[in-house]
Each structure stands twice: as structure tokens, then as C-alpha cells.
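Participant: 3D model of this:
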Amino acid sequence: MKNFQSGHYVQQGHYKSFQPTPINRAWQLDNMELIHLLGQADRELGRLDMYSDYIPNIDLFIKMHVLKEATQSSRIEGTQTNMEEALLEKEDVALDKRDDWEEVQNYVAAMNEAIANLQALPFSARLIRETHKTLMQGVRGTHKQPGDFRHSQNWIGGATINDAVFVPPVHTSIAELIGDIEQFLHNDTLYFPELLKIALVHYQFETIHPFLDGNGRVGRLLITLYLISKGMLKQPVLYMSDFFERNRSHYYDNLMRVREKNDLLQWFKFFLVGIIETAKSGIATFDNILKLQKQVEAQIQTLGSRTANAQKIVNYLYQRPMIDAAKVGEVAGISPASAYKLIADLEQFGILKEITGGKRGKMYLFDDYFQLFK
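Facilitator: Predicted coordinates for the structure are as follows:
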């Protein structure tokens, strides 16, 4: 990595674009601090993955992990939807916030579809394009070639290309550069640790910026997909966007530092620290979920004949911790009167908390659970 050259600038008339160096080549790892961080990141990721083996009904909790990632990744791009709003149905979202809400929902759909597609598709340009198509469908970027690599020049920062912070490579080189990423990821003759591979691919993808819009979200989504595709995670339980959002300036600065100073080492360190912190946070969240689950189970067991219906509602709340009386009736298959009685029971236990403050259209939040993801 000492001799790493990130690329070079190419004069394009009145501006310069950056042409990155291909990454499908032999890499030598010789920094002891990085090797130490890599070992720590591998251990923490292994611990997190272990939880997905031992937590009963883990699928109940995956949806909230995905929703948090969707909200945080979209927030980095300027979307204002918070998690409370993301849990609402479309008709309950204010008109001026629906575009942001739809972008978050598209991210959730893109992640779920991409994970399903990994059963039949390799981690590839096709998977990336199909994920992008779902992400951008029907939202503000829908006119920006969803599912297609760009056919024109784009730029990052600045009102025009002339005062841009960064100008990615020309569109005619995208196919070759993405092909290089594919070859690197599937090159079994050259060993490079998987976490550093995806760290390098994330940097390279963001540098290529192959789409007209949605590059940041797709690039962050690829991290989780790659770890699943390589069997390092059995479930999508590690998401980096919260770490990147909290360290947004360092995130962008470290990406630019690679391009401007060839400092790949600093980017790798930042990325691995993100893996370590995110995995530890995920483990703590699962620990707290298990404690809360045990407490809630003990509470609803005291409801006698209503215990079974309460369990149905609680299982629903683990996936989507916001509910109204109509949904309680639908999920439990009970009358409106029985639904309100069940809500009163769950409120008494502190499982549900009324959050609208009105007499009609009341919404209830499983607040103790929701706060674990905040």
C-alpha cells in the first residue's frame, strides 16, 4: 500500500475529472496497527454474527435494523425523515414529507430485494444495477436512469462542475472500472482480507460514482450485501450508515484523502474502527432486546386468556413498533372493543405508549423497544 497511487486527473475542456487506478491487483499488507484493527474487527463481527444464530425469532428484529439503516443512510444524503415518520403509513405522512418518506421505504425495499437476489445472483454489476433501480423507483431521482450507469458527467459538491469538490471519471470508463471491481471481488488467486476488500470497493465505488443519483446509498448498502455474500454474516445485522452519519465529515474527508494524498491506510483504519464500533453497538442492542423480550414475556403471561392475542401484537411490534387500534384488531383477529381492551392492558404494562395526544386516530409506540434503535 506504500506505493499505492489512487489515480490521476484528466483535463476535460474547462474541468478535470479524476480517473481512478484499477484495484484488481496484488496487495501487500504490512502495517501492524492495521493488522491489529483487522483482527479486532473480525472478532467483533464474528460475535455479532453469533447472536443471529442464538436469538429466537431473529427475523422479528431484522426489520428494525433495516429501517434504521435506511433512515440513517438517507439522512447522509439530506433526507429529513426520522424513524418515527418512517414507521408511519404513507397516508399518515404530511404531504411535504412524503418524498423523503418514500426514499427511506425504497431503501428498505432495495435492501430486502438485494438480499433475496443473492440467492440466485453473484455479487456483481447486475446486482448493483437492480438494487439501484429499486432504490430510485418513483422518487425524486426517478428521471436519473434508475438501474443504469450514467451516460453523462456528474460531480460532487458545488453549484456547477466548475466549482465542484470532486469530479468522478468520465462515463465512458464506467463499464471498465465496474468490471475491475467485479474481477477484484471474485479473484481467488490473490488473497486480501474480506473486510479490507469491501472497504476498498466502497472507496472505489464512491470514487467512480457510476450513477447520476443514489451512489452514496448504494455504496453503503453494498457493504452489508458483500458480508452476507461471503458468509461473514448470516443475517443483515451490521449497518455502517449510523457510524458514517455520526462521523460524516471524517467519512468524506477520508475518502478525499485517498484521492488527493493516496492515503489508503487512513481510510482502512477509519473503516475498520467503524466495523468494530458498529458490531459492538449491534451486540449491545441484541443484549437489550433479549432482556426486554424476557420482561415483556413475563408481563403478558399474566393476561390469562388474552395472552395469546397479546403475544401476536408483541410479535408485530418487534417488526414495526408503532400501531393503532385498527391494526391491533387486524393482527389479533378481534373486535374493536377487544382491541381497545388489549391496548389498555399493554399500556398498563408500559409496553405501549400513546404518542398522538388526540382523542381520535390514536397511535401507540412500543417505546422501550424503539429507543434501542435510536
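
Participant: Which helix or strand contains the residue sitting nearest the centre point of the chain?
Facilitator: The residue lying closest to the centre of the chain (C-alpha atoms, centre = their mean) is Glu69, at 3.7 Å. Using DSSP states H and E, Glu69 sits within helix 59-76.

Participant: And Arg257, by the same measure?
Facilitator: helix 248-261.

Participant: mind listing what's buried in whichever helix or strand comes after that helix?
Facilitator: Using DSSP H and E, the helix or strand that follows helix 248-261 towards the C-terminus is helix 264-300. For helix 264-300, the neighbour count (16 or more other C-beta atoms under 10 Å) marks 264-265, 267-279, 281-283, 285-286, 289, 292-293, 296, 299-300 as buried. Placement of C-beta: from N, CA and C, glycine included.

Participant: cool, and stretch 356-374?
Facilitator: By 16+ other C-beta under 10 Å, the buried positions in stretch 356-374 come out as 363-366, 368-370, 372-373.

Participant: picking up where we left off before, what residues does the residue nearest to the residue nearest to the centre of the chain when sequence neighbours are not counted make contact with?
Facilitator: In this structure, Glu69 finds its nearest non-sequential neighbour in Tyr239, 3.6 Å apart by C-beta to C-beta, 6 or more residues apart in numbering. By C-beta atoms under 8 Å, 6 or more residues apart in numbering, the contact set of Tyr239 is 65-66, 68-69, 72-73, 220, 224, 278.

Participant: any idea which of the residues you listed is closest to Ile355?
Facilitator: Distance to Ile355 across the contacts of Tyr239 (C-beta to C-beta) is lowest for Lys68, with 18.4 Å.

Participant: pLDDT score assigned to that closest one?
Facilitator: Note for Lys68: predicted pLDDT of 89.

Participant: Can you list the low-confidence ranges for the stretch 251-374 of the chain?
Facilitator: Residues of the stretch 251-374 of the chain that meet the criterion pLDDT under 70 are absent altogether.

Participant: Which parts of the stretch 1-150 of the chain are helices?
Facilitator: 32-54, 59-76, 83-86, 98-117, 125-136 (DSSP state H, counting those that start in this stretch).

Participant: So which elements touch the helix holding Arg257?
Facilitator: helix 194-208, helix 264-300 (3 or more C-beta pairs under 8 Å, 6 or more residues apart in numbering; DSSP states H and E).

Participant: how close does Ile208 get to Gln5?
Facilitator: Distance, Ile208 to Gln5, by C-beta to C-beta, to the nearest Å: 16 Å.

Participant: the more surrounded of these two?
Facilitator: Ranked by neighbour count (other C-beta atoms under 10 Å), Ile208 and Gln5 place Ile208 first, with 23 against 9.

Participant: pLDDT at the closest residue to the more buried one other than its chain neighbours, what is it?
Facilitator: Of all residues not flanking Ile208 in the chain, Leu177 sits nearest, at 5.0 Å (C-beta to C-beta, 6+ apart). At Leu177 the predicted local distance difference test score is 98.

Participant: Can you list the helices and strands that the host helix or strand of Leu177 packs against?
Facilitator: Assigned by DSSP H and E, Leu177 belongs to helix 174-185. Secondary-structure packing of helix 174-185 (3+ C-beta pairs under 8 Å, 6+ apart): helix 125-136, helix 194-208.

Participant: And those: which comes nearest Ser17?
Facilitator: Closest among these, using C-beta to C-beta: helix 194-208, at 10.9 Å.

Participant: Next, find the distance separating the closest residue to Ala114 other than its chain neighbours from Leu225.
Facilitator: Once flanking residues are discounted, Ala114 sits nearest to Thr131: 4.5 Å by C-beta to C-beta, 6+ apart. Per C-beta to C-beta, Thr131 is found 8 Å from Leu225.

Participant: Not counting sequence-adjacent ones, nearest residue to Arg217?
Facilitator: Counting by C-beta to C-beta, 6+ apart, the residue nearest Arg217 is Ser73, at 5.1 Å.

Participant: Counting neighbours, what do you get for the one you found?
Facilitator: Neighbours around Ser73, by other C-beta under 10 Å: 27.

Participant: Please look at it and Gly219 and confirm they touch.
Facilitator: No - with contact defined as C-beta atoms under 8 Å, Ser73 does not reach Gly219; the gap is 9.4 Å.

Participant: so how many other residues sit close to Asn82?
Facilitator: The local packing of Asn82 (other C-beta under 10 Å) involves 14 other residues.

Participant: Enumerate every residue touching it.
Facilitator: With C-beta under 8 Å, 6+ apart, Asn82 has these contacts: Thr71.

Participant: could I get the helix holding Leu177 in PDB with only the CA atoms?
Facilitator: C-alpha atoms of helix 174-185 as PDB (Å, rounded to 0.1, in the frame of the first residue of the first chain):
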ATOM      1  CA  ILE A 174     -17.500   3.200 -16.000                       C
ATOM      2  CA  ALA A 175     -18.100  -0.200 -17.500                       C
ATOM      3  CA  GLU A 176     -14.400  -1.000 -17.400                       C
ATOM      4  CA  LEU A 177     -14.000   0.300 -13.800                       C
ATOM      5  CA  ILE A 178     -17.000  -1.600 -12.500                       C
ATOM      6  CA  GLY A 179     -15.700  -4.700 -14.300                       C
ATOM      7  CA  ASP A 180     -12.400  -4.200 -12.500                       C
ATOM      8  CA  ILE A 181     -14.300  -4.200  -9.200                       C
ATOM      9  CA  GLU A 182     -16.100  -7.400 -10.100                       C
ATOM     10  CA  GLN A 183     -12.900  -9.100 -11.000                       C
ATOM     11  CA  PHE A 184     -11.200  -8.000  -7.800                       C
ATOM     12  CA  LEU A 185     -14.100  -9.300  -5.600                       C
END
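
Participant: Put together CSV for the helices of the stretch 1-150 of the chain, with distance to Phe149 on each row.
Facilitator: Below are those laid out as CSV (distance: least, C-beta to C-beta, whole Å):
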stretch, distance to Phe149
helix 32-54, 31
helix 59-76, 20
helix 83-86, 29
helix 98-117, 16
helix 125-136, 7
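
Participant: Right, I'll leave it there.
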